[in-house]
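Student: Below are the sequence and a predicted model; questions follow.
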Amino acid sequence: MQSVDLLITHASELLTLKGSQKPRVRQQMRNLGILKNGSIAIHDGIIVDVGQNLRYKANTVIDASEKLVMPGFVDPHTHVVFAGSREFELDLKLAGMPYMEILKRGGGIFYTVEKTRKASPNHLLSQSKKRLDTMLLHGTTTCEVKSGYGLDVDNELKLLKVQKKLSETHPMDLVSTFLGAHAIPKHMNANQYIQIIIHEMLPRTKGLARFCDVFCEKGVFTVAQSKKILLAGKQQGLLPKIHADEIVNTGGALLAAQVGAQSADHLLRSSEAGLRALAQNSIVGVLLPGTPFCMMMEQYAPARKMIDLGVPVALATDLNPNCWTENMQMIIQLACLKMQMTPAEAITASTFNAACAIGMQPYIGSLEKGKHADVLILDCPNHQFLPYHFGVNLVQTVVKRGVVL
Ligand code: NIG
Ligand code: FE
């Protein structure tokens, strides 16, 4: 009998997410490849077998009877690296002040920029490490992290270097995004800052980032400005991502299609033409229901419509000082209860499609032979339980690259 490092057996449901390696759409999002009484064999951090009655000699055997076994969550949109906090903004929001008004008055992102500029790399490292630890405890095994609270050359580079250090030292797999275009710094106009982004920041991102993102929004970067930045990023080898149509429909989704973005994120107000363009170009729509939740908004992204139109939908926390959660389970719950996604769709959106949103699906996002052994055991008898039993951590065991954490 072949011997392996780890064997997880008798899962009441094992969600393989087996299927096409392209972003999943429509009915595909409902197919979790469920194995009843499923087992998974892991060796050297890699999945060697998945099936129903696996026979291996294993160093460690975990009995997952009555439990749900599934791929680790992938969180494809976070702003993990920041200093300070903004709990005081809740009183302003409760008094009716909108997010963009707080920002215009120098709060919001600008408040966090001030704190982050003053923070040492070591302080940022320890704060971010704590957040990544919490993410892992809640089942996230890979995440994307954006810069964007530096807004000048030295501080944006400081953040990218902290991200790199985290990816080298933390068990979490981390994919880095450069988001110098997160806001226009005070005492500067958009065009001046865009020149700095293009000529001074982007050329220095080599080896530090894989994606380039822009906050394309009314009052921040216009579609034309965003296009300029994203195309300049592409020339430096960074794939485009975009914060699009969050508060106003500016045409951000259409721009995502034009520049061949890896993902378009938020999408609360996108036009139907914008959504169709995403579907046609197989661009992942990353939905962040934690954000309208924290902003106490009525409207959430039209997930049902997007799925019907054939947009591959993913989910993410958006973890940032305005929407601070490390917990993808909470996001799945919001996706089902506020955006009418089915439990199966929400699970596909936070595993396989989330991996597609950061180009990592060859390695993670499903439990298939040859992929990284990033596996969760949850205290759920079936997958419908995950959005049903809410507000607690249902993750019992996290296996990261074959190591039981
Ligand atoms: O994705 N919208 C822009 N950026 C973040 C929020 C950042 C902040 O408020 O600090 C987002 O929601
Ligand atoms: Fe964001």
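Tutor: That came in fine, so what should we check first? Residues are numbered from 1 along each chain as shown. Ligands and ions are numbered 1, 2, ... in the order given.
Student: low pLDDT regions in the stretch 101-250 of the chain?
Tutor: Within the stretch 101-250 of the chain, no range satisfies pLDDT under 70.
Student: Tell me the residues of it that contact ligand 1?
Tutor: 108-109, 112, 215, 243, 246 (C-beta under 6 Å from any ligand atom). All C-beta spots, glycine's among them, are computed from the backbone N, C-alpha and C.
Student: Sitting in helices, which of those do you find?
Tutor: When DSSP state H defines the helices, the subset of these inside them is 109, 112.
Student: Can you tell me which of the residues of the stretch 101-250 of the chain next to ligand 1 is closest to Q225?
Tutor: Nearest to Q225 among these, counting by C-beta to C-beta, is F215 at 10.5 Å.
Student: Tell me the residues on the stretch 301-405 of the chain that lie near ligand 1, please.
Tutor: The interface of the stretch 301-405 of the chain toward ligand 1, taken as C-beta under 6 Å from any ligand atom, is made up of 318, 320-322.
Student: Would you check which pair of these lies furthest apart?
Tutor: D318 and P321 (10.7 Å).
Student: What lies in contact with the helix or strand hosting V145?
Tutor: Using DSSP states H and E, V145 maps to strand 140-146. Contacts to strand 140-146, defined as C-beta atoms under 8 Å, 6 or more residues apart in numbering, come from residues 72-81, 128, 132, 135, 163, 166, 172-179, 182, 211, 213, 316, 326, 328, 355, 357-358, 360, 364, 374, 376, 398, 400.
Student: mind running it again at 6 Å?
Tutor: Contacts to strand 140-146, defined as C-beta atoms under 6 Å, 6 or more residues apart in numbering, come from residues 72-80, 163, 173-177, 179, 213, 328, 358, 364, 374, 400.
Student: Following element in sequence after that strand, please.
Tutor: helix 153-169.
Student: From V220, how far off is the residue of the stretch 51-200 of the chain found nearest ligand 1?
Tutor: Per C-beta to the nearest ligand atom, I109 is where the stretch 51-200 of the chain lies closest to ligand 1, at 4.5 Å. Look at I109 and V220: by C-beta to C-beta, to the nearest Å, they are 9 Å apart.
Student: on that earlier part again, ok, so of the residues of the stretch 301-405 of the chain next to ligand 1, who is nearest ligand 1?
Tutor: Using C-beta to the nearest ligand atom, these come closest to ligand 1 at N322, 3.4 Å.
Student: Report the spatially nearest residue to the most centrally placed residue in the chain, omitting neighbours in sequence.
Tutor: Nearest to the geometric centre of the chain sits P76, at 1.9 Å (C-alpha atoms, centre = their mean). With sequence-adjacent residues excluded and distances taken as C-beta to C-beta, 6 or more residues apart in numbering, P76 is closest to A357, at 3.8 Å.
Student: Let me see the contact set for that neighbour.
Tutor: 76, 263, 284, 286, 314.
Student: What about the residues you listed, which are in strands?
Tutor: 263, 284, 286, 314 (DSSP state E).
Student: contacting residues for the second one?
Tutor: If I follow you right, that is V284. 23, 263, 312, 314, 356-357.
Student: partners of it in the sheet?
Tutor: S263 (DSSP bridges).
Student: That one and V48, how far apart?
Tutor: Counting by C-beta to C-beta, the gap from V284 to V48 is 29 Å.
Student: What's the separation between S366 and ligand 1?
Tutor: Distance of S366 to ligand 1, computed by C-beta to the nearest ligand atom, to the nearest Å: 27 Å.
Student: tally of neighbours for that residue?
Tutor: Neighbourhood size, S366 [other C-beta atoms under 10 Å]: 23.
Student: Surely it touches A354?
Tutor: No: between S366 and A354 there is no contact under C-beta atoms under 6 Å: 11.2 Å.
Student: quick one on the thing from earlier: pretty sure the residue of the stretch 51-200 of the chain closest to ligand 1 contacts I184?
Tutor: No: counting by C-beta under 6 Å, I109 does not reach I184; the two are 10.1 Å apart.
Student: Between these two, which has more neighbouring residues?
Tutor: I109 (25 against 20).
Student: Now for that one: which residues touch it?
Tutor: 103, 183.
Student: same check, this time on Y193
Tutor: I184.
Student: Can you give the distance of the strand or helix carrying it from its chain's centre?
Tutor: Assigned by DSSP H and E, Y193 belongs to helix 190-196. In this view, helix 190-196 has its centroid 28 Å away from the chain centroid, taken as C-alpha atoms, centre = their mean, to the nearest Å.
Student: ok, now stretch 167-182?
Tutor: The gap between the average C-alpha position of stretch 167-182 and the chain average comes to 11 Å, counting by C-alpha atoms, centre = their mean.
Student: Other residues contacting it?
Tutor: So stretch 167-182 is contacted by 132, 136, 142, 144-148, 156, 163, 166, 197, 201, 205, 209-215, 221, 229, 358, 400 (C-beta under 6 Å, 6+ apart).
Student: how about the CA coordinates for that stretch, as PDB?
Tutor: Extracted as PDB, the C-alpha positions of stretch 167-182 are listed here (Å, rounded to 0.1, in the frame of the first residue of the first chain):
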ATOM      1  CA  SER A 167       4.700  36.400   1.500                       C
ATOM      2  CA  GLU A 168       8.100  35.100   2.300                       C
ATOM      3  CA  THR A 169       7.500  34.600   6.000                       C
ATOM      4  CA  HIS A 170       3.800  33.800   6.500                       C
ATOM      5  CA  PRO A 171       2.200  30.400   5.700                       C
ATOM      6  CA  MET A 172      -0.500  32.200   3.800                       C
ATOM      7  CA  ASP A 173       0.100  32.400   0.100                       C
ATOM      8  CA  LEU A 174       0.000  36.000  -0.900                       C
ATOM      9  CA  VAL A 175      -0.400  37.700  -4.300                       C
ATOM     10  CA  SER A 176       0.600  41.400  -4.400                       C
ATOM     11  CA  THR A 177      -1.100  44.200  -6.200                       C
ATOM     12  CA  PHE A 178       0.100  47.800  -6.700                       C
ATOM     13  CA  LEU A 179      -2.600  50.300  -6.000                       C
ATOM     14  CA  GLY A 180      -0.800  53.600  -6.000                       C
ATOM     15  CA  ALA A 181      -3.900  54.900  -7.700                       C
ATOM     16  CA  HIS A 182      -6.100  54.500  -4.600                       C
END
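Student: All set now, cheers.
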